[in-house]
Every structure is written in C-alpha cells, then in structure tokens.
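I'll drop the sequence and a predicted model, then ask my questions.
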Amino acid sequence: MTAPETGDGRVGSRIQNYTTYWQNDGEQDDKTGTENRVENYTDVVNGYYDGATDLYEFGWSRSFHFCRFYKGEGFTAALARHEHYLSAQMKLKPGMRVLDVGCGVGGPALQIARFADVTIVGLNNNDFQIGRARRYTQKAELQDKVTFVKGDFMKLVEKFGENSFDAVYAIEATVHAPSWEGVYGEIKNVLKPGGIFGMYEWCMTDEWDPSIPSHQELARRIELGNGIPEMRALSKARAALLAVGFEIEHEEDLAERQDEIPWYYPLEGDIFKAQTTWDYITVWRMSWSGKVVTHYGLWLVEKLGLVPKGTWQVGETLKIAGDAVVEGGKTKLFTPMYLAICRKPGRV
Ligand SMILES: C[S@@+](CC[C@H](N)C(=O)[O-])C[C@H]1O[C@@H](n2cnc3c(N)ncnc32)[C@H](O)[C@@H]1O
C-alpha cells in the first residue's frame, strides 16, 4: 500500500501516475489497456480524484454530478433538484438508514438528509474527499445525521454486513467500478429485503457501437478525462441489475427528455446560456478564457507547491473530459443520467 504523501490523504505518486494508464493504450504485456485499468481500478480512480477534487469544487460545486435544467433555474438549485428527484423516486421516508455509494465530498448526502429527513452513511474510497465531506458536514451541523466511512464499494458486505440499509443510492459513481455485476451485487446484499436502490449511472447509450472507431475513441476520451477504467453500454447496466437479482421498478434515461437547455450546457462554456447572473461565473470557468486562466493558475499553484505534483496534468485531462462529454451529449452516444429505481425482492 502506498503511504499518503501530502498529509491530507492525497498521494502524489498516484496523481502523477494517472495518465500513464491511457498511454500505450494497446496491448501491454499480455493485457489490453482496459484490462490493466480495470485490474488497477483503485489506483486509477484515486489518482484521478486526488488530482481533480479541488478543480471539481472550484469549477462545478460540492455535488459532483450533472443534472437537467429548467429555464431560469440556477445551477446549484438544479443540482439539488436532481438529488431531491432521486430521493423522491426512491420514496425515502424519515428515519430510514441510507447508504450513499461513492459519496464525493458529501454535497448530495447533505441535501438528501435534509430533504428526506433520513440518516445517511457516505461511502468513499478516497481519503481526501472523506476529509472534505466531514468538514462540510460539521459546518452544516449535520454530523448526527450524516457520517462517512472509507471503503471500496466492491466490498460493501465486508464493511457493513448483509441487510444493513433500508435504501441505497449511487449518483454517477458506480461507473468507476471494475464490474457492474460486482458493485450492484454488493449493493443488493447490504440492502434489507424489500429495500430500494436508486441510481444515476454513466453509460454509453445503445446507439453507441464500439466497432466504430470514432465511437470507441469517444469512450476513451470520456474514460481518460473522468477517471473511469472502462465505459460500458446502458444495456449492460440494465442486464447487470437484473443479473444480480434486482427488480427494476422504474428506469429512464433522463438525457432523453426534450429539454430546451441541455444537461451539458455548463460545459459548453457559452456564457449566453447562463440562466442566472451567478451562473455566468460557473459557465465562464468552462469558456476558453476561463480555461486559460485555470490552466496557468493551476500550473502556478503546482509550481508553488500548493497542490501535489501531477494536479496540473490531471487538470489537462478535465478539458478532454468536458469536450468529450459535450460531444457524447450532442450525439446522444453518452448519458450521465440513466435513472434506475430497483427493489431487492422480499418483504420490507
Ligand atoms: C463523480 S463522483 C460522484 C460523487 C457523488 N456521488 C456526487 O454526486 O457528488 C464519483 C465518486 O465515486 C467514488 N468512488 C469511485 N470508486 C469507488 C470505489 N471503488 N469505492 C468507493 N467509492 C468510489 C469517488 O471517490 C467519487 O467520490
């Protein structure tokens, strides 16, 4: 195990190592690049988030996910609505014990705990993000309702035991798993019989055809820019949910809604699409001038030793991420919001 090098949970060497997982993406020894990333998923994902977390918080928010937008609706209000929507679809009830799988810095957990009056355990494999999440929870004085645990979502039963939660949700997190059957199976096992699982999954849509080189290349750019070992098709997510024994009660790709303002609009960096005055700043950060400022600003803070070495390089991959995600959204080859509400069979 590599020792933390920064004192805040981030490990410099794995940040610096991150992009090497996509170099020589063909055969490496007897493995393909994808096989190598899947096998080393912990290092790939943590290397990415050690480098990207500050940038996510600076450029996006404390909720590390996408959402739909309504006309005139502010950016943070729309993110919160997306979280409330999931919790309403799951019919969370006051007093339930809920697991947030891959909880980021706790933005959604704090929202959902307030909205649904539930108790939430946030699970994350990234020490740096857990430190941040605990700090924000303390500030919000919600530490009695929201707690955080370090752990790998591929080993939930080992951590919590079977039948431990009334409900589980995962927001744009389980795409990082080396296998969907693996993570969904663990989620099902920690749920009580009759318990509910709600998720927003990142998928290539069923229009995506990996035998087409440009489609394959788009998936690679989404992976590299977002710390994802392997992008997979939506049909595989559905099949994995059913294979582990979930009953799917409701499913919808929310990116298919006929929205006037597309879900990817903030990443386009087009300030004329900003919905409120405050949103100009968020959207500007994604514009080309905003990206130039971040590019040199990040280079400088890394040189000054204020962020771990390699952070600038991960920041460069975020630009690839933004462009690839927008392209995936426009071509409808990619969705970050496949919503599935699933039940574990049995009596509540
Ligand atoms: C895109 S972020 C979403 C975070 C959060 N759900 C949100 O919406 O703000 C993905 C999260 O999954 C976590 N994650 C990835 N792989 C994990 C694993 N194997 N075990 C636990 N957490 C993991 C990452 O550390 C990160 O916090």
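Received the coordinates, thanks.

by residue count, which strand of the chain is the longest?
strand 191-204 (DSSP state E).

so which residues on the stretch 51-200 of the chain come close to the ligand?
Proximity of the stretch 51-200 of the chain to the ligand, by CB under 6 Å from any ligand atom, involves residues 63-65, 102-104, 107-108, 123-126, 129, 152-154, 171-173, 176. Yep, even glycine has a C-beta here, placed from its N, CA and C like the rest.

can you list the buried residues in the longest strand of the chain?
Leu191, Lys192, Gly195, Ile196, Phe197, Gly198, Met199, Tyr200, Glu201, Trp202, Cys203, Met204 (16 or more other CB atoms under 10 Å).

quick one: list the elements packing against that strand.
Under the contact definition 3 or more CB pairs under 8 Å, 6 or more residues apart in numbering; DSSP states H and E, strand 191-204 sits against helix 75-89, strand 165-171, helix 180-190, helix 213-226, helix 234-243, strand 334-343.

try 6 Å this time
Packed against strand 191-204, as judged by 3 or more CB pairs under 6 Å, 6 or more residues apart in numbering; DSSP states H and E, are the following elements: strand 165-171, helix 234-243, strand 334-343.

need the winner for burial among the ones you listed.
Among the helices and strands packed on strand 191-204, ranked by average contacts under mean count of other CB atoms under 10 Å, first place goes to strand 165-171 (a mean of 25).

please list the outside residues in contact with that one.
65, 90, 92, 96-99, 101-102, 108, 187, 190-191, 195-200 (CB atoms under 6 Å, 6 or more residues apart in numbering).

residue contacts, Tyr48?
Tyr48 makes contact with Tyr18, Gly227, according to CB under 6 Å, 6+ apart.

okay, and the helix or strand of this structure with the least pLDDT?
Across the helices and strands of the chain, mean confidence by mean pLDDT, DSSP states H and E is lowest for strand 27-28: a mean of 54.

and after it, which helix or strand comes next?
strand 31-32 (DSSP states H and E).

gap between that next one and the chain center?
Relative to the centre of its chain, strand 31-32 is centred 25 Å away, using CA atoms, centre = their mean, to the nearest Å.

what packs against whichever helix or strand comes after that strand?
Counting by DSSP H and E, the next helix or strand C-terminal to strand 31-32 is helix 33-39. Counting contacts by 3+ CB pairs under 6 Å, 6+ apart, helix 33-39 is packed against no other helix or strand.

returning to that earlier point: can you redo the helices and strands packed on strand 191-204 as JSON lines with mean pLDDT?
Formatted as JSON lines, these follow (pLDDT from 0 to 100):
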{"stretch": "strand 165-171", "mean pLDDT": "98"}
{"stretch": "helix 234-243", "mean pLDDT": "98"}
{"stretch": "strand 334-343", "mean pLDDT": "98"}
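
quick one on the thing from earlier: just the CA trace of the longest strand of the chain, in PDB.
Output of strand 191-204 as PDB, limited to C-alpha atoms (Å, rounded to 0.1, in the frame of the first residue of the first chain):
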ATOM      1  CA  LEU A 191     -29.900  -3.800   1.400                       C
ATOM      2  CA  LYS A 192     -32.600  -5.200   3.700                       C
ATOM      3  CA  PRO A 193     -35.200  -7.400   1.800                       C
ATOM      4  CA  GLY A 194     -37.700  -5.100   0.200                       C
ATOM      5  CA  GLY A 195     -35.100  -2.300   0.300                       C
ATOM      6  CA  ILE A 196     -34.700   0.200  -2.600                       C
ATOM      7  CA  PHE A 197     -31.700   1.100  -4.700                       C
ATOM      8  CA  GLY A 198     -31.800   4.300  -6.800                       C
ATOM      9  CA  MET A 199     -29.000   5.400  -9.100                       C
ATOM     10  CA  TYR A 200     -27.900   7.800 -11.800                       C
ATOM     11  CA  GLU A 201     -25.500   5.800 -14.000                       C
ATOM     12  CA  TRP A 202     -23.000   7.000 -16.600                       C
ATOM     13  CA  CYS A 203     -23.300   4.900 -19.800                       C
ATOM     14  CA  MET A 204     -22.700   4.900 -23.400                       C
END
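
and that strand with helix 75-89, angle?
140 degrees (axes from the mean of the first three to the mean of the last three CA atoms, to 10 degrees).

follow-up on the earlier one: just send the buried residues of strand 191-204 back as a markdown table, with pLDDT too.
Putting the buried residues of strand 191-204 into a markdown table (pLDDT from 0 to 100) gives the following:
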| residue | pLDDT |
| --- | --- |
| Leu191 | 98 |
| Lys192 | 98 |
| Gly195 | 98 |
| Ile196 | 98 |
| Phe197 | 98 |
| Gly198 | 98 |
| Met199 | 98 |
| Tyr200 | 98 |
| Glu201 | 98 |
| Trp202 | 98 |
| Cys203 | 98 |
| Met204 | 98 |
